[in-house]
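Participant: Fold the following and give me the result.
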Amino acid sequence: MKVSKKIINLETESAFAILAKATKLISEGKDIINLGIGQPDFPTPLNIQEAAIKAIKDGYHGYTPSNGILPLREAVSEQIFEDYKVDINPDQILITPGGKPTIFYSSLILGGEENEIIYPDPGFPIYRSMINFSGAKGVPLKLIEEDNFEINIDKLEKLITNKTSLIIINNPNNPTGSFMGKKKIDKLVNMLEKYPDIFILSDEIYSKIIFDNNQMPSFLNYNKLRERLIVLEGWSKTFCMTGWRLGWSVWPKSLYEHANKLCVNDHSCPNAISQYAGIEALRGPKETIENIIKEFQRRKEFVHSELNKLNNMTCFKPGGAFYAFPNVSKSGLSGQKFSDIALEEKGVALVPGISFGNSAKDFTRISYANSMENLQKAIYRLSTI
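Facilitator: Below you'll find the model as predicted:
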């Protein structure tokens with residue numbers, strides 16, 4: 001059997017492999033606390049569930065436009081204006097089954113053997129996987145603990161060449177939980193303005209999960225970048241809708257039809273029922289979501305404080321998302337070995353830092369999208385490694 005080298009070399013996302021392993025151990029009767037998978041532990045708010053049920057009963061069972069139904073794209077446009085006071089034409093908004101297609105399509109459109117794409121390391125593993133699949137050269141931008149895992153603008157600029165076609169930015173960051181405020185983004189944009197031929201993919205999927213009363217400095221606020229800006233967003237994290245597979249993105253006019261063509265070839269259209277649920281998520285009451293964010297803030301404070309009391313690790317303070325990214329080098333173990341022991345001997349599922357890039361061998365990712373009771377138990381177990 002002859003299988004394409006591209007498929008053989010395609011990478012995956014370790015969090016799903018760890019989820020499968022943890023689930024298997026649980027089915028065998030083991031007591032496992034899963035702090036690996038990056039999804040909220042809260043159910044989708046009831047009003048959103050009811051909107052989906054209504055859509056089923058109302059007969060929305062067929063294909064939709066490949067770019068998503070207009071009422072949903074209009075709702076996204078309204079939400080963008082409410083959040084950032086920016087007008088975005090619904091015809092520049094693409095609805096997709098989750099956020100990953102936006103990474104895939106950006107890489108395919110702007111990749112190719114003649115191009116280079118800069119991506120964060122550590123970062124979401126699908127960035128590197130899709131860049132390599134596209135044929136482009138992936139250029140890692142190292143994010144280091146001493147910089148609170150924020151982008152070092154000077155380092156980024158030194159990576160730019162005449163082959164650079166795309167720069168991927170993720171704020172707040174997965175896996176580190178780092179957050180860059182407006183002052184930092186202003187400086188970053190000032191540098192990017194010097195390179196008008198380079199496109200930017202801003203992954204803002206955690207834009208609503210930000211702590212300490214900070215505000216999201218979306219790249220949509222920077223008009224000078226608009227014609228070469230792709231913004232990735234969605235419902236999964238904010239509205240606890242990971243399994244609904246629903247994302248949105250904003251595309252420059254020059255790339256929109258290319259991306260929409262890929263939608264037709266890849267998945268035809270987004271799920272009809274999820275799209276009507278998505279409208280309710282954006283236009284319906286938000287009290288439940290606000291309470292969830294408050295709970296994540298409470299957990300973040302607890303996890304950060306308790307991890308730094310342990311003798312075998314240190315942890316910088318996350319500013320967004322729902323991850324802690326402790327350095328476990330004090331344990332004398334690599335992040336991989338620490339995570340293996342955590343799952344196999346202590347019953348705590350973590351994701352080793354190496355899963356997110358070669359620069360993170362001393363780290364492991366902890367998702368605090370779990371109950372306070374389980375977080376307390378897990379941290380005690382980790383203290384015994």
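
Participant: outside of stretch 275-285, which residues touch it?
Facilitator: Stretch 275-285 is contacted from outside by 44-45, 47-52, 54-55, 60, 64, 68-69, 71-72, 75-76, 78-79, 95, 235, 239, 241, 244, 246, using Cβ atoms under 8 Å, 6 or more residues apart in numbering. Every residue, glycine included, has its C-beta placed from N, CA and C.

Participant: That stretch: which residues count as buried?
Facilitator: Going by neighbour count (16 or more other Cβ atoms under 10 Å), the buried part of stretch 275-285 is Q275, Y276, A277, G278, I279, E280, A281, L282, G284.

Participant: Walk me through the domains of the chain.
Facilitator: Per automatic domain parsing, the structural domains of the chain span 5-44+287-383, 62-283.

Participant: Now the terminal residues of the first one, how far apart.
Facilitator: The first and final residues of domain 5-44+287-383 sit 43 Å from each other (Cα to Cα, to the nearest Å).

Participant: picking that back up, can you list which of the contacts of stretch 275-285 are found in strands?
Facilitator: Counting by DSSP state E, the part of these found in strands is I95.

Participant: any idea what sits nearest S367, other than its immediate chain neighbours?
Facilitator: Nearest residue to S367 in three dimensions, chain neighbours excluded: L35, at 5.0 Å (Cβ to Cβ, 6 or more residues apart in numbering).

Participant: neighbours around D266, how many?
Facilitator: Neighbour count of D266, defined by other Cβ atoms under 10 Å: 14.

Participant: tell me the contacts of it?
Facilitator: So D266 contacts P101, F104 (Cβ under 8 Å, 6+ apart).

Participant: mind checking pLDDT for it?
Facilitator: For D266, the model assigns a pLDDT of 97.

Participant: And the one 4 residues further on, by the same measure?
Facilitator: The confidence metric pLDDT takes the value 98 at P270.

Participant: distance between stretch 33-48 and the chain's centre?
Facilitator: Computed by Cα atoms, centre = their mean, to the nearest Å, the chain-centroid distance of stretch 33-48 equals 15 Å.

Participant: Quick one: name whatever helix or strand follows the lengthiest helix in the chain.
Facilitator: Ranked by residue count, the top helix of the chain under DSSP state H comes out as helix 287-307. If you walk from helix 287-307 toward the C-terminus, the next helix or strand you reach (DSSP states H and E) is strand 323-324.

Participant: before we move on, the earlier item: between the domains of the chain, which gets the lowest average pLDDT?
Facilitator: Ranked by mean pLDDT, the domains of the chain end with domain 5-44+287-383 at the bottom, a mean of 94.

Participant: My read is that T176 contacts F322, right?
Facilitator: No: using Cβ atoms under 8 Å, T176 makes no contact with F322, being 11.9 Å away.
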